[in-house]
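structure here, sequence nowhere to be found:
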Ligand code: ACO
Ligand code: ZN
């Protein structure tokens, strides 16, 4: 596994080759396996018996871990030699990370262990491993530049008399931070997207990386979902070809019969909380993790299937969940949500954020992000999402930050008013760091005649005009019916 989680299949030196059969092929073998109609090299990471026969969990050469999958015998080419696992190397590997060969034992931590897993694991996840390029991007962005620049007075304008060649980049960064920036910012958008396909998730925790996706298919309302990652549903569920989740109460069932029985009885038609926002398009509900523990845990289990680097399954008490739905005559259907600590010492306004896959890339993530900032505006706080962000999370936040900052600056520029980083931060409820990093990423900060300035490159103006034509939906802040909730110390914490 490379630092980005991409598959480096068979990189442990020469291997013995030979024919295998469905009965003799073992974990660690590399075989030719069909993916999207194409034969691909893949390592077998696990083997299980299911009701529809033996299945093999494959990690494909040069594909994102998200694209690992369980395949039936028919997709493995037994007419070709397989590469047998290298016994010595495998032992080493095993000693190092207990790599994924024991799914049945490892994939289900004991109930006690599961309880302990939680937010704390988020910080563990970012320690001691090679950072993902995007983590590095965020981290380097967080490290470079001091407060002095954030506080410097800045002028907004369409760079009168300052062509791109005349722009001086800020010089007060260390070579190390500059090198890091060079490295991290050199991705083009295309490269980023390509990286999304091939590179791994944000997981930095080997124990998490080694967990194999346990659920292969989910029926959820009128959608069929194909999970991306492991989620700690009870172990018996991993033997099912498909599990059924009630789209309203989020309870899960391993067989259609009991699920159908449940649906006849289940009366819930919307998330179990107060509706705090409604427009013609979506609604938002606020749900307290402590009051609706089961529902919120079920939501976390569901979302874990699409979120790799954060784990929050059992200790839902300290969180509020803001759930976005779309309405029809059958009820309010879950589109996505974000969780938020009741009290965040670090000033985070989002812990986890997710759009269910059937709704992704349609602008809903942007609505969730906007909503989180609208709440921060009401609270009068400057906020930021919890780090690390996932690859998709970073792309979405960067897009949101860039667009909002650009629009705000264009307004100031038209009115020929001056604007500081603080003004931008306050207007958008963003932290000054996030504002600065976005300006840097967009190459909008220059150092000219002894002054830090913000300039808006022509190219960005044109891009923004084009993207504005797309007519994205937005949250109407006037429709938010919400006051920051107040909690006693006891109600913020664990309730057992
Ligand atoms: N490829 C390239 N760009 C993308 C992609 C992608 N797959 N997904 C989002 N973007 C960028 C685009 O710029 C997009 O704007 P555009 O469509 O106008 O170009 C912008 O992000 C916003 O896209 P939305 O459609 O509004 O976002 P979506 O509804 O897909 O939700 C989200 C984004 C929540 C990150 C979603 O991808 C998701 O749930 N992913 C899995 C869970 C996850 O990684 N969550 C974030 C973890 S970080 C944290 O929790 C703090
Ligand atoms: Zn139900």
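Looks like it arrived, so ask away. None of the values given here were measured: they were computed from a predicted structure. Ligands and ions are numbered 1, 2, ... in the order given.

the residue nearest to residue 22 when sequence neighbours are not counted: neighbour count?
Ranked by Cβ to Cβ, 6 or more residues apart in numbering and with sequence neighbours excluded, the top spatial neighbour of residue 22 is residue 73, at 4.6 Å. For glycine as for every other residue, the C-beta is placed from the backbone atoms N, C-alpha and C. By other Cβ atoms under 10 Å, 14 other residues sit near residue 73.

now residue 73: how far from ligand 2?
Distance check for residue 73 against ligand 2: by Cβ to the ion, to the nearest Å, it reads 36 Å.

now do residue 241
Here residue 241 is placed at a distance of 21 Å from ligand 2 (Cβ to the ion).

so that residue touches residue 49, yeah?
No - under the criterion of Cβ atoms under 8 Å, residue 241 is not in contact with residue 49, lying 11.7 Å apart.

neighbour-wise, which of the two wins?
A direct count of neighbours by other Cβ under 10 Å for residue 241 and residue 49 places residue 241 higher, at 14 against 9.

ok so, going back, mind checking pLDDT for the residue nearest to residue 22?
Model confidence at residue 73, given as pLDDT, is 96.

would you agree it is in contact with residue 49?
No - taking Cβ under 8 Å as the contact criterion, residue 73 and residue 49 are not neighbours in contact, 11.6 Å apart.

measure the spatially most central residue of the chain to ligand 1 for me?
Centroid check for the chain by Cα atoms, centre = their mean gives residue 390 as the closest residue, at 3.9 Å. For residue 390, the distance to ligand 1 (Cβ to the nearest ligand atom, to the nearest Å) stands at 3 Å.

just residue 84 next, same as before
Here residue 84 is placed at a distance of 36 Å from ligand 1 (Cβ to the nearest ligand atom).

not counting residues beside it along the chain, what's closest to that residue?
Using Cβ to Cβ, 6+ apart, the nearest residue to residue 84 is residue 16, at 4.7 Å.

what's the local residue count around the one you found?
When counting by other Cβ under 10 Å, one arrives at 11 neighbours for residue 16.

for the residue nearest to residue 22, phi and psi?
Backbone torsions for residue 73, taken as degrees, to the nearest 10, come to phi -50, psi -40.

check which helix or strand residue 361 maps to.
Using DSSP states H and E, residue 361 sits within no helix or strand.

tally of neighbours for it?
Around residue 361 there are 10 other residues, counting by other Cβ under 10 Å.

for ligand 1, see how far away it is.
Using Cβ to the nearest ligand atom, we find residue 361 at a distance of 5 Å from ligand 1.

what's the answer for residue 318, then?
Spatial separation of residue 318 from ligand 1 under the definition Cβ to the nearest ligand atom is 16 Å.

my read: that residue touches residue 341, true?
Yes - under the criterion of Cβ under 8 Å, residue 318 makes contact with residue 341 at 5.8 Å.

who has more neighbours, those two?
Here residue 318 and residue 341 are compared on neighbour count by other Cβ under 10 Å; more neighbours surround residue 318, at 23 against 19.

for ligand 2, see how far away the more buried one is.
In this structure, residue 318 and ligand 2 are 25 Å apart, going by Cβ to the ion.

phi first, then psi, for that residue.
When quoted as degrees, to the nearest 10, the phi and psi of residue 318 stand at phi -80, psi 10.

any idea how far it lies from residue 442?
In this structure, residue 318 and residue 442 are separated by 35 Å, where distance is defined by Cβ to Cβ, to the nearest Å.

kindly report the same for residue 424.
Note on residue 424: its distance to residue 442, by Cβ to Cβ, is 12 Å.

got it, and residue 466?
Shown here: residue 466 relative to residue 442, a distance of 16 Å by Cβ to Cβ.

do residue 225 as well
35 Å.

repeat for residue 12
Per Cβ to Cβ, residue 12 is found 42 Å from residue 442.

the more surrounded of these two?
For residue 12 versus residue 442, neighbours defined as other Cβ under 10 Å are more numerous around residue 442 (19 against 15).

kindly state the pLDDT recorded for the more buried one?
Here, the pLDDT recorded for residue 442 equals 91.

got the phi/psi numbers for it?
phi -90, psi 0.

now it. Nearest residue, chain neighbours left out?
Excluding its sequence neighbours, the residue lying closest to residue 442 (Cβ to Cβ, 6+ apart) is residue 402, at 5.9 Å.

what segments of the stretch 351-496 of the chain are strands?
Here the stretch 351-496 of the chain has its strands, by DSSP state E, counting those that start in this stretch, at 353-355, 384-385, 445-448, 451-455.

show me what the third one is packed against.
Pointing back at strand 445-448 there. strand 451-455 (3 or more Cβ pairs under 8 Å, 6 or more residues apart in numbering; DSSP states H and E).

so for the strand it packs on, mean pLDDT?
Strand 451-455 shows a mean pLDDT of 86.

can you report how many residues neighbour the nearest residue to residue 487 once chain neighbours are set aside?
Take residue 487 and drop its neighbours on the chain: the residue closest to it by Cβ to Cβ, 6+ apart is residue 342, 5.2 Å away. The criterion is other Cβ under 10 Å. On that basis, residue 342 has 17 neighbouring residues.
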